[in-house]
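# Below are the sequence and a predicted model; questions follow.
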Amino acid sequence: MQELTHYINGEHVKGTSGRFGDVYNPATGEVIAKAPLASTAEVEKSVEVAAAAQPAWGATNPQRRARVLMKFVDLLNRDMDKLAEALSREHGKTLPDAAGDVQRGLEVVEYCIGAPQMLKGEFTDGAGPGIDMYSMRQPLGVSAGITPFNFPAMIPMWMFAPALACGNAFILKPSERDPSVPLMLAELMEEAGLPKGLLQVVNGDKEAVDAILHNPVIQSVGFVGSTPIAEYIYGTGCANGKRVQCFGGAKNHMIIMPDADMDQAADALVGAGYGAAGERCMAISVAVPVGDETADRLIEKLVPRIEKLKVGPYTDGNDVDYGPVVTAAAKANIERLVQTGIDQGAKLVVDGRGFSLQGYEDGFFVGPHLFDNVSPDMDIYKTEIFGPVLSTVRAGSYEEALKLAMDHEMGNGTAIFTRDGDTARDFASRINIGMVGVNVPIPVPLAYHTFGGWKKSVFGDLNQHGPDAFKFYTRTKTVTARWPSGLKEGGEFHFKPMD
Ligand code: NAD
């Protein structure tokens with residue numbers, strides 16, 4: 001049994017709290033490692049080290065900092081297979097999907113290589129007679145990030161790449177379910193030339209999170225995970241005077257108009273609903289066909305595609321469509337919710353219950369489920385299931401479909417499938433959801449745009465990556481300067497324009 005560590009001051013450091021979390025191979029159900037769960041004292045120690053290392057890094061010119069990220073990109077590409085394998089082993093997703101997880105993080109690192117451009121300040125020559133005014137973006141100091149299990153490579157990189165590029169030190173508290181890849185990323189950053197102490201990985205649970213939230217040295221906290229925890233972290237972090245951005249859960253609707261290409265829509269739904277076993281914050285979990293005829297045609301196309309899905313361990317190679325869910329508890333929760341769907345009157349069109357895989361009977365596999373005739377009062381509609389369960393809610397009209405998505409408390413992503421430009425345009429303009437796909441089921445913005453939902457899917461005002469990241473990880477200082485030759489005689493007592 002492997003005992004994992006923290007990564008502090010460039011060293012693997014054993015946990016001293018005496019508390020550990022089990023890390024599973026979800027495909028076999030075996031405990032493969034123990035992750036140390038940090039005490040408050042261990043978090044405080046890591047913050048002290050980070051605070052000592054940060055000033056020199058903050059004073060390093062941005063181009064040199066960017067060169068570390070440039071080298072890091074090379075190392076990520078060099079170790080892509082190794083990272084993907086470690087990720088699949090603890091998370092359960094397929095190898096190509098795990099490589100995609102690394103790749104979508106890498107793309108944000110690439111974007112952050114442009115930090116010198118993004119950090120350029122503003123300058124006004126002659127804001128008054130002999131007066132110049134300029135503003136600069138300076139690092140915050142020590143920043144922290146708390147990340148979920150479902151993207152253990154991508155989301156840590158979305159946070160630490162811009163934070164470090166801006167000259168901060170960073171404390172990463174990854175998910176205790178799959179902490180190996182974050183530790184590997186920290187090692188690679190050091191190999192890329194990052195000075196020790198600037199990227200610390202502190203494994204842990206609520207105790208470590210609370211230690212971060214109450215640490216006065218930490219200036220900003222980024223969080224990605226479920227909505228109740230996002231709300232808690234936002235409230236506590238803000239009350240403690242920190243800059244906080246929290247990204248929460250989702251319930252993403254895909255609207256299928258009668259004029260959509262039904263084969264394309266069905267292919268899109270199968271990938272977006274069941275890929276990564278539905279454990280994506282941008283997964284489509286609700287299909288909303290408009291009109292009964294559209295619904296019947298869609299279901300007819302979906303059923304054979306879903307029945308053909310290959311569910312298996314990542315070791316079975318590229319033809320596996322999705323793997324197990326992350327823990328036995330996640331599996332039990334999905335099964336419980338499926339049962340509520342049946343009890344509350346939804347029609348289970350594809351029944352994935354009782355799914356078992358020969359040789360992997362103890363793995364956390366869940367067969368694919370498709371529900372029809374779901375209504376908004378049902379638990380399977382209201383709750384984020386985070387599993388391979390797609391619910392169909394039939395809408396009588398486009399307006400009804402739009403209203404349904406708008407009335408849901410979550411607002412991460414959504415999509416519309418149609419051939420009609422007017423409808424697509426109207427949808428994109430009116431919908432109260434942060435990321436919108438037009439004939440694109442998972443509209444995750446690229447690194448140079450920003451990522452973020454609306455409503456209960458987000459707490460805070462700046463999005464992840466893109467230009468917003470450079471705002472989140474810096475603060476603005478504005479200087480008004482006049483040289484002695486421009487100074488007038490005597491004091492000035494009135495607040496007035498510069499003349
Ligand atoms: P989670 O909320 O259980 O855990 C996220 C992090 O919070 C982990 O690091 C965990 O250790 C910590 N945590 C858990 N319980 C805590 C508590 N009581 N107090 C303090 N910290 C606590 O989420 P998860 O299960 O790891 O991830 C799945 C969730 O993340 C889903 O809801 C998914 O939609 C969401 N997610 C959202 C986005 C987004 O960008 N909006 C992206 C990925 C995942």
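Here it is on my side, so go on. What you see is a predicted model; the values in this text were computed from it and never measured.

# Please list all residues in contact with the residue in the stretch 51-200 of the chain positioned nearest to the ligand.
Nearest residue of the stretch 51-200 of the chain to the ligand: Pro148, at 3.1 Å (C-beta to the nearest ligand atom). To be clear about C-beta, it is placed using only N, CA and C from the backbone, and glycine gets the same treatment. By C-beta atoms under 8 Å, 6 or more residues apart in numbering, the contact list for Pro148 reads 155, 175, 224-226, 281.

# now swap in Leu76 and tell me
83, 102, 105-106, 109, 188.

# Need those in JSON lines (columns: neighbour count and secondary structure).
Formatted as JSON lines, these follow (neighbours: other C-beta atoms under 10 Å; DSSP: H, G, I helix; E, B strand; the rest coil):
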{"residue": "Leu83", "neighbour count": "26", "secondary structure": "helix"}
{"residue": "Val102", "neighbour count": "25", "secondary structure": "helix"}
{"residue": "Gly105", "neighbour count": "27", "secondary structure": "helix"}
{"residue": "Leu106", "neighbour count": "22", "secondary structure": "helix"}
{"residue": "Val109", "neighbour count": "25", "secondary structure": "helix"}
{"residue": "Leu188", "neighbour count": "20", "secondary structure": "helix"}
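
# how about the residues you listed, which pair is most distant?
Pairwise distances across the contacts of Leu76 peak at 13.0 Å for Leu83 and Val109 (criterion: C-beta to C-beta).

# nearest spatial neighbour of the residue in the stretch 251-400 of the chain positioned nearest to the ligand, skipping sequence neighbours?
Using C-beta to the nearest ligand atom, Cys281 is the residue of the stretch 251-400 of the chain that sits closest to the ligand, at 3.2 Å. Sequence neighbours aside, Ala250 is the residue nearest to Cys281 in space, at 4.8 Å (criterion: C-beta to C-beta, 6 or more residues apart in numbering).

# Could you look up the SS state of that neighbour?
With DSSP: H, G, I helix; E, B strand; the rest coil as the basis, Ala250 sits in coil.

# That one and the ligand, how far apart?
5 Å (C-beta to the nearest ligand atom, to the nearest Å).

# what do you get for Ala27?
18 Å.

# How about the residues of the stretch 251-400 of the chain by the ligand?
Residues of the stretch 251-400 of the chain found near the ligand (C-beta under 6 Å from any ligand atom) are 281, 384, 386.

# Verify the stated contact: the residue nearest to Cys281 with Ser457.
Yes - using C-beta atoms under 8 Å, Ala250 is in contact with Ser457, at 5.6 Å.

# tell me, what's touching those two both at once?
281, 410, 412.

# In this protein, which residue sits nearest the ligand?
Scanning the chain for the residue nearest the ligand gives Gly225, at 2.7 Å (criterion: C-beta to the nearest ligand atom).

# isn't that residue right up against Gly145?
No - the criterion here is C-beta under 8 Å, and Gly225 misses it with Gly145 at 10.9 Å.

# Report the residue spans of this protein with pLDDT below the cut-off.
488, 499 (pLDDT under 70).

# Figure out the helix or strand that Pro182 lives in.
Per DSSP states H and E, Pro182 falls inside helix 180-191.
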